[in-house]
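A.B. asks: Output the structure for:
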Amino acid sequence: MSKLHGFTHGVGLLGAAIATLALGGCPRPEGDPAKSQTRLELARDFLLKNQLEAAEAEANKAIAYLNTNEEAYNVRGLVHHLRALADQRLLEIEGCLTGLDAEALRDEVEKELGLAEADFRKAAALAPDFGEAFSNAGTAALLLGDADRAKDDFEHALAAPARLVSPGLTRAHLGWAYFAKNDMVSAFKELRQAVQFQPGMCVATYRLGRVYFAREEWEKAAEQFQEVSDQTDCHVQEAALYLMKARLEQGLLDDARAAQAQCLSQAPASCVAAQCRTASFSAGGAR
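C.D. replies: Sure thing, here's the model as predicted:
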């Protein structure tokens, strides 16, 4: 199962990355703020167009003109983060790679996430009120396996909402950090709150289903996974996988087969699809 599941879908990191561009920067007067701001705007435009090399080059120029421009560090961090997501997609969604190819791409994913986290933390250090930088740093830390640090980052981000793009998404990430720490009660509280304030959010709804699934509350889990699977703009293949697993646990084989078919139709070459294909179609054989 991908480390990035839940982060690569419609309202996940890419959505947050694009939304971040709406935040206005307020560069400090040291250096050349005007030229730095001009380069920052160019970097944002290139990022919107997914022209990552050009976006990174302009962000570097913005930093060179003003090394306290926190928005430039955040944009450069997003460039690295989006590269990591693209590599992960090659690794686990467009194909399910193994062997040396997989190892090389995993190394690249971790390298890009490390660079992203460093830039986000630089932005946050420069501007302690920059909630989005803290949220982005937490996402990178969580993907790199540091749930404790991620939890602290998300809590800091939620405490600084003025410069936070999506408090609901950040709260969903906080819930996922608790999930990674195996604190299901706290995970439930945060994810439930995220869903209540933003009904239909794919990421939070899917993750809430995972909490129910971990607690072996099969019907409640299936309800969440079904809600995600029914939304045509969600594209969370894992929701169909876990819907299939929940129905298998309940012994509802026809429903499980329907979920399997939906799973296979979304990204047939992915690692998630491989798990769907190898499911044991007998009650209790899902996990």
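A.B. asks: what secondary structure does C96 sit in?
C.D. replies: coil (DSSP: H, G, I helix; E, B strand; the rest coil).
A.B. asks: Count the residues that sit near the closest residue to it other than its chain neighbours.
C.D. replies: Leaving aside its sequence neighbours, C96 sits nearest to C271 (C-beta to C-beta, 6 or more residues apart in numbering; 4.0 Å). Glycine gets a C-beta too; all of them are placed from N, C-alpha and C. Other residues lying near C271 total 20 when counted by other C-beta atoms under 10 Å.
A.B. asks: do you know how far C271 is from L66?
C.D. replies: Look at C271 and L66: by C-beta to C-beta, to the nearest Å, they are 43 Å apart.
A.B. asks: quick one on the thing from earlier: the residue nearest to C96 contacts L90, doesn't it?
C.D. replies: No - here C271 lies out of contact with L90, judged by C-beta atoms under 8 Å, at a distance of 11.7 Å.
A.B. asks: Give me the below-cutoff pLDDT ranges for the stretch 51-200 of the chain.
C.D. replies: The model of the stretch 51-200 of the chain has no residue with pLDDT under 70.
A.B. asks: Where do the helices of it begin and end?
C.D. replies: Assigned by DSSP state H, counting those that start in this stretch, the helices in the stretch 51-200 of the chain fall at 52-65, 70-92, 99-126, 131-143, 147-158, 167-180, 184-197.
A.B. asks: which one of those lies closest to Q224?
C.D. replies: Closest to Q224 of the helices of the stretch 51-200 of the chain, according to C-beta to C-beta: helix 184-197, at 8.6 Å.
A.B. asks: how about E110, what does it touch?
C.D. replies: For E110, the residues meeting the contact criterion (C-beta atoms under 8 Å, 6 or more residues apart in numbering) are L144.
A.B. asks: Now do the buried residues in stretch 86-96.
C.D. replies: Within stretch 86-96, the residues scored as buried using 16 or more other C-beta atoms under 10 Å are 86-93, 96.
A.B. asks: pLDDT score for L47?
C.D. replies: At L47, the pLDDT value in this model is 98.
A.B. asks: Skipping adjacent residues, who's closest to L97 in space?
C.D. replies: In space, L97 is closest to L91, 5.3 Å off (C-beta to C-beta, 6+ apart).
A.B. asks: and the gap between E110 and G168?
C.D. replies: Going from E110 to G168 by C-beta to C-beta gives 28 Å.
A.B. asks: ah, wrong one, I meant A118
C.D. replies: 27 Å.
A.B. asks: cool, S135 as well?
C.D. replies: Remark: distance between S135 and G168 (C-beta to C-beta) = 11 Å.
A.B. asks: neighbour count winner among these two?
C.D. replies: Summary of the neighbour comparison: S135 and G168, criterion other C-beta under 10 Å, with S135 having more neighbours (30 against 20).
A.B. asks: Might you report the residue contacts of the more buried one?
C.D. replies: If a contact means C-beta under 8 Å, 6+ apart, then S135 has 16, 153-154, 157, 164-165, 169-170, 173 as its contacts.
A.B. asks: Highest neighbour count among those?
C.D. replies: Of these, with other C-beta under 10 Å as the count, H173 tops at 32 neighbours.
A.B. asks: which residues does that residue contact?
C.D. replies: With contacts defined as C-beta under 8 Å, 6+ apart, H173 is in contact with 135, 138-139, 142, 150, 154.
A.B. asks: JSON lines for those residues, including distance to T205?
C.D. replies: Written out in JSON lines, the entries for those read as follows (distance: C-beta to C-beta, whole Å):
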{"residue": "S135", "distance to T205": "19"}
{"residue": "G138", "distance to T205": "20"}
{"residue": "T139", "distance to T205": "18"}
{"residue": "L142", "distance to T205": "19"}
{"residue": "A150", "distance to T205": "20"}
{"residue": "F154", "distance to T205": "18"}
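A.B. asks: Which two of these have the greatest separation?
C.D. replies: Within the contacts of H173, two members stand farthest from each other by C-beta to C-beta: S135 and L142, at 10.6 Å.
A.B. asks: closest to D146 among the buried residues of stretch 86-96?
C.D. replies: When the buried residues of stretch 86-96 are compared for distance to D146 (C-beta to C-beta), Q88 wins out at 17.5 Å.
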